[in-house]
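Chemist: my questions concern the predicted model and sequence given below.
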Amino acid sequence: SNVQISEITSGCMCCTVSGEFSEAVTDILKSVTPDVLLIETTGIANPISVFMMLANDSRLILESILTVADAEHLLEQLSETLVTEIQLSICDAVILNKCDVASSDVIESAEARIRKHNSRAPIFRTSQSNIPPEVVMTFSNTAYKAELDSFVSSLKHHYDHEIERRLAQKRASTADFVPLASSSLFPIATSPDHHHSHHHGHDHSEAESYHLEVDEIETFVLEPTGIFEQRDFEQFLSDVPPECYRIKGVLNLKEYDHPVIFNFSSGRYTIDFESLAGEKQSETPNRLVFIGKGLKSFEEQITSIFK
């Protein structure tokens, strides 16, 4: 309640708002002086880009990356998006979530695929991503920093080339593809007082910023007017196309005198009826954010449902 919030609203953190993000980190370090800084990105973020924004910041020591994987849909997501593979390959631990709704065969298949991309990271089976805080707050041994730098750099080099290859394929029918300059990659971060500082001499290249185009990830926002029936809205969530990975937002329902918060992810959803109980519907507009693969082709169809 006593911490200033820095709002970043102009785009994807790993692609277009790096300046705003760095300023937000600076504000936090100056005003709060935390021992540990936890950075939670969207599920479609490229951790390479986030690492590049922080790697040369002498005020921080980059500790580890945790990746949350959907046990039920991981194999499907790996087949559809390169960023899923990148997130698994680079992380220090995998939180294999939704194990409560996945069969043992599905969980074992997911773990086997994780091991194909990452043989070193421990895998934690969870429900609601519930893990002991010690897992998040365990810091790495600084003796391995140089080895880690080398490993991360090789990963970045590999995925830069893979992104360029896939971009070239997509743009093969045009003459505007220009190869991107390649260079080197890794967030939990601590302030230097936590242990000895370490300099990451990484240069930033542009390749990793094109992952949304490579994976055909698109987003749009709807702000429909009116108040909706809960049953109708839940039916809509049940019928969204599989290309729609994520829907989140605030909605006014006729059954309540206050707005509700909803979250949809890969076919499953929750509705929070309590958090906004003190808000007025008349002062809280509906706002729905959609994220998915080739989603623009569905925008008109989805928009028409809310008219």
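Modeler: Yep, it's here. Residues are numbered from 1 along each chain as shown.

Chemist: how far out from the middle of the chain is stretch 100-118?
Modeler: 20 Å (CA atoms, centre = their mean, to the nearest Å).

Chemist: pLDDT averaged over it - what is it?
Modeler: Mean pLDDT, stretch 100-118: 96.

Chemist: quick one: buried residues of it?
Modeler: For stretch 100-118, the neighbour count (16 or more other CB atoms under 10 Å) marks 102, 106-107, 110-111, 113-114, 117-118 as buried. All C-beta atoms are positioned from the backbone trio N, CA, C, and that covers glycine.

Chemist: just checking, what packs against the longest helix along the chain?
Modeler: Of all the segments of type helix in the chain, defined by DSSP state H, the longest one is helix 145-170. Contact here means 3 or more CB pairs under 8 Å, 6 or more residues apart in numbering; DSSP states H and E; on that basis helix 145-170 packs against helix 47-54, helix 82-90, helix 211-214.

Chemist: any idea of the mean pLDDT for that helix?
Modeler: Here helix 145-170 scores 80 as its mean pLDDT.

Chemist: so how far is that helix from its chain's centroid?
Modeler: The answer for helix 145-170 is 19 Å, by CA atoms, centre = their mean.

Chemist: ditto for stretch 276-287
Modeler: Using CA atoms, centre = their mean, the offset of stretch 276-287 from its chain centre is 27 Å.

Chemist: what's the span of it from first residue to last?
Modeler: Start-to-end span of stretch 276-287 (CA to CA, to the nearest Å) is 14 Å.

Chemist: use 7 as the first number from now on
Modeler: Sure thing, new numbering starts at 7, so read that last one as stretch 282-293.

Chemist: now tell me what touches that stretch from outside.
Modeler: 227-234, 255-258, 263-267 (CB atoms under 8 Å, 6 or more residues apart in numbering).

Chemist: all helices for the stretch 57-206 of the chain, in order.
Modeler: Secondary structure of the stretch 57-206 of the chain (DSSP state H, counting those that start in this stretch): helices located at 80-86, 88-96, 110-123, 139-142, 151-176.

Chemist: please enumerate residues in contact with the third one?
Modeler: Among residues not part of helix 110-123, those counted as contacts by CB under 8 Å, 6+ apart are 75, 77-78, 80-81, 84, 91, 94-95, 100, 102, 105, 108, 127, 129, 131.

Chemist: in what helix or strand does R237 lie?
Modeler: helix 236-245 (DSSP states H and E).

Chemist: can you name every helix or strand that that helix contacts?
Modeler: Using 3+ CB pairs under 8 Å, 6+ apart, the elements in contact with helix 236-245 are strand 266-271, strand 274-278.

Chemist: so can I have CSV of these showing mean pLDDT, distance to E249 and mean neighbour count?
Modeler: Listed next are these as CSV, based on pLDDT from 0 to 100; distance: least, CB to CB, whole Å; neighbours: other CB atoms under 10 Å:
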stretch, mean pLDDT, distance to E249, mean neighbour count
strand 266-271, 94, 13, 18
strand 274-278, 93, 16, 14
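
Chemist: reformat those strands into CSV and put distance to G49 next to each item.
Modeler: Formatted as CSV, the helices and strands packed on helix 236-245 follow (distance: least, CB to CB, whole Å):
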stretch, distance to G49
strand 266-271, 8
strand 274-278, 14
